[in-house]
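Novice: attaching a predicted model along with its sequence, questions to come.
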Amino acid sequence: MQIMRTVLDGKVNRRDFLAASAATVASAAIPAALAAPAPAEEWKNRRPNMTYRRLGRTGYMVSSIGMGGDDVGPDNIDQVLWSIDQGLNYFDTAPGYNRGQSQKGYALVHKQRGRQNFFQSTKVNVFPNRTMTYSRLFRTLPDDEQAKISAQADEQIKSGKLNEPDYLGPYFNGQEGGMRSAIISNILSQKYADKVDAQTVYKQYIIDSVEGSLKELETDHLDCCLMRGVETPYEVTHTTEVFEAFEILKKAGKARFLGFSAHSDPAGVLDAAIETGQYSVGLVAYHFMNAKRLDPVIEKAKKADFGVLCMKASRVLQNPYNRREMIPERVAILNKLVPGDKMTLFQKGFYYALQNKNLSAVVIGTTTLEQAKENLPLAMTVG
C-alpha cells in the first residue's frame, strides 16, 4: 500500500499534474441527436476501498482499473480472482489472446467468482478481417493502380499526421503497416465494394465470432461487444453491417452494448464513433504522449455520455520491438509529469491516465498476482 500513502501524502501535486497534461483542452460541440436521458447506474462487486466510474450511457459503474486478457488462461487466473476480491469488476479479452486460452481462463473465473459479479467484454476481429479481404483484392490489381492507391494512402497518413511517433505509439511491430492497409481498404471499398460480400465479411462474421466467444466464456451474454482493431474513422462510419449484426445480437440478449478498440488514430476513430450514435464504448490507446491530441475528443465523449476506456497507458514507454527496453526520452517526460521514486514507471503511466476524470477506467495487462498487488492499489486512491 505504499502507493496509497505516496498519493495521499501529496508527493504528486494533482493540480500541477492536470495543468501540465490538459491545459489546452477545448470543448467540442455535441450533436443534439445524441442527447438522451442517463440510464440508471448498474453496480457489480462493489467494495468500500475500490473507486468506480460510470461507463457512459451503459450505466455500468466500473472499477477505475480494469483487467486485460492477454495473459489470462485456465492455468493463470490467480491475479484475476484476487483483483475481484478487491473490487475490480471490468474484464477485457478477445478470442486470440494468450494463444486462444484467455476466454477459457475467464470462463473458469466465472465459475469461481460468479458471472453476475463483473462486467465481461470481448472483441471481434471484423475490421482485421475486412482488411485481409481487401488486401487480397489489392494484390490482383495492375501495378500502376496499386501504386496510385498506395500513394493516396501515404498522403492520408502524412496529411493526418497519423504516423507521428507520439501519436502512433507504436506499441507493436507492424502497427503502421496495418493502419496503411486499412486505409488502402477504405479506398478500394469506394470502387470495388461489389466484389466483397459484406454480409459475410462483416455481419455474419460478427455473429459467428460472438457465438464462439460465448461458448468459450461459458456465458450467455457479453456486457460489451468490442469491434477490435479499428484503424480509421472511415471504417466506423462506412460499415453499417456492424450495426445490423449488433442489433441481432442485442435483441437475442447476447450482447448489451456495442464498442470498439483502437490503437491507431484513436482520436479520429473515437470522434467518428461518437457521431454514429450507435457505439456506446471505446477502448483507446491513451497516454502522456498523445493526451494533448486525445483529450478534447475524450471530453466530447464525456458530454455525449459515451464511455471511454484507456489502454496502453504505460506500454508507450517500451520499445515496440523489444519490451525489455525502455525509451529514455519518454521515461524522462513521464518522470517530469509524475515526479518521485515511490512508483514504478508503469505505475506512473497508469497514474497519469487515471488523472483524466473523463476516462471511465484504465485497462491494464496483468500477468501475475504480484503485478496485481503492485498496481491495483492505484484504483483505491484515485477516484
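Specialist: Alright, I've got the coordinates.
Novice: for the protein, which residue is closest to the average position?
Specialist: Centroid check for the chain by CA atoms, centre = their mean gives residue 283 as the closest residue, at 2.1 Å.
Novice: the helix or strand containing that residue: what's the following helix or strand?
Specialist: Assessed by DSSP states H and E, residue 283 sits inside strand 281-285. Going down the chain from strand 281-285, the next helix or strand is helix 291-303, by DSSP H and E.
Novice: close enough to count as contact, residue 218 and residue 107?
Specialist: Yes: proximity of residue 218 to residue 107 meets the contact threshold set by CB atoms under 8 Å, at 4.0 Å. The C-beta positions use only the backbone N, C-alpha and C, and glycine is treated the same way.
Novice: those two: who's more crowded?
Specialist: Per other CB atoms under 10 Å, whichever of residue 218 and residue 107 has more neighbours is residue 107, with 18 against 14.
Novice: what is the helix or strand where the more buried one lies packed up against?
Specialist: Per DSSP H and E: residue 107 is located in helix 102-113. Under the contact definition 3 or more CB pairs under 8 Å, 6 or more residues apart in numbering; DSSP states H and E, helix 102-113 sits against helix 78-86, strand 119-124, helix 205-217.
Novice: the strand holding residue 283 vs helix 291-303, what angle?
Specialist: Angle of strand 281-285 versus helix 291-303, following axes from the mean of the first three to the mean of the last three CA atoms, to 10 degrees, is 170 degrees.
Novice: who are the packing partners of strand 281-285?
Specialist: Counting by 3+ CB pairs under 8 Å, 6+ apart, strand 281-285 packs on strand 222-227, strand 255-262, helix 266-276, strand 307-311.
Novice: tell me which residues of the third one come out buried.
Specialist: Neighbour-count burial for helix 266-276, counted by 16 or more other CB atoms under 10 Å, picks out 266-275.
Novice: so, low pLDDT: which residues of the protein?
Specialist: For the chain, the stretches flagged by pLDDT under 70 are 1-38, 383.
Novice: which parts of it are strands?
Specialist: 42-43, 52-54, 60-63, 65-67, 90-92, 119-124, 222-227, 255-262, 281-285, 307-311, 318-319, 322-326, 361-364 (DSSP state E).
Novice: in its sheet, what does the second one sit against?
Specialist: This means strand 52-54. strand 60-63 (antiparallel) (DSSP bridges).
Novice: centre of the chain to the strand it pairs with, how far?
Specialist: 15 Å (CA atoms, centre = their mean, to the nearest Å).
Novice: let's see it as CSV, backbone CA atoms only.
Specialist: The C-alpha coordinates for strand 60-63 follow below in CSV (Å, rounded to 0.1, in the frame of the first residue of the first chain):
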residue,chain,number,x,y,z
TYR,A,60,-22.1,0.4,-15.7
MET,A,61,-20.2,1.6,-12.6
VAL,A,62,-16.8,0.1,-13.4
SER,A,63,-13.7,-0.1,-11.3
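Novice: so what touches it?
Specialist: By CB atoms under 8 Å, 6 or more residues apart in numbering, the surrounding residues in contact with strand 60-63 are 41-46, 50-55, 87-90, 119, 223, 307, 360-361, 379.
Novice: write the PyMOL selection for whichever of these are buried.
Specialist: Listed next is the PyMOL selection for buried residues among those, using 16+ other CB under 10 Å:
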select buried, resi 44+45+50+51+52+53+54+55+87+88+89+90+119+223+307+360+361+379
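Novice: got the contact list for residue 144?
Specialist: Contacts of residue 144 (CB under 8 Å, 6+ apart): none.
Novice: number the chain from 52, please
Specialist: All set: I'll call the first residue 52, so the last point we hit is now residue 195.
Novice: so residue 238 touches residue 200, yeah?
Specialist: Yes: in terms of CB under 8 Å, residue 238 counts as a neighbour of residue 200; the distance is 5.3 Å.
Novice: okay, the helices and strands packed on helix 153-164, which one's buried deepest?
Specialist: strand 170-175 (a mean of 26; mean count of other CB atoms under 10 Å).
Novice: give me the contacts around it.
Specialist: By CB under 8 Å, 6+ apart, strand 170-175 touches 95, 106, 111, 113, 140-146, 154, 157, 161, 256-257, 260-261, 264, 268, 270, 273-279, 310, 312.
Novice: now stretch 237-252
Specialist: So stretch 237-252 is in contact with 177, 180-181, 184-185, 188-189, 200, 203-204, 283, 285-286, 289-290, 292, going by CB under 8 Å, 6+ apart.
Novice: what about 7 Å?
Specialist: 180-181, 184-185, 188-189, 200, 203-204, 283, 285-286, 289, 292 (CB atoms under 7 Å, 6 or more residues apart in numbering).
Novice: which residues touch the nearest residue to residue 146 once chain neighbours are set aside?
Specialist: Sequence neighbours aside, residue 264 is the residue nearest to residue 146 in space, at 5.9 Å (criterion: CB to CB, 6 or more residues apart in numbering). Counting by CB under 7 Å, 6+ apart, residue 264 touches 146, 154, 173.
Novice: present those as JSON lines; the columns should include distance to residue 304.
Specialist: Shown next, in JSON lines, are the contacts of residue 264 (distance: CB to CB, whole Å):
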{"residue": "146", "distance to residue 304": "20"}
{"residue": "154", "distance to residue 304": "19"}
{"residue": "173", "distance to residue 304": "16"}
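Novice: mind listing what residue 287 touches?
Specialist: 281, 311, 320, 323-324, 327.
Novice: the same query, at a cut-off of 6 Å, please.
Specialist: 323-324 (CB atoms under 6 Å, 6 or more residues apart in numbering).
Novice: for residue 247, see how far away it is.
Specialist: From residue 287 over to residue 247 the distance is 17 Å, taken as CB to CB, to the nearest Å.
Novice: alright, I will stop here.
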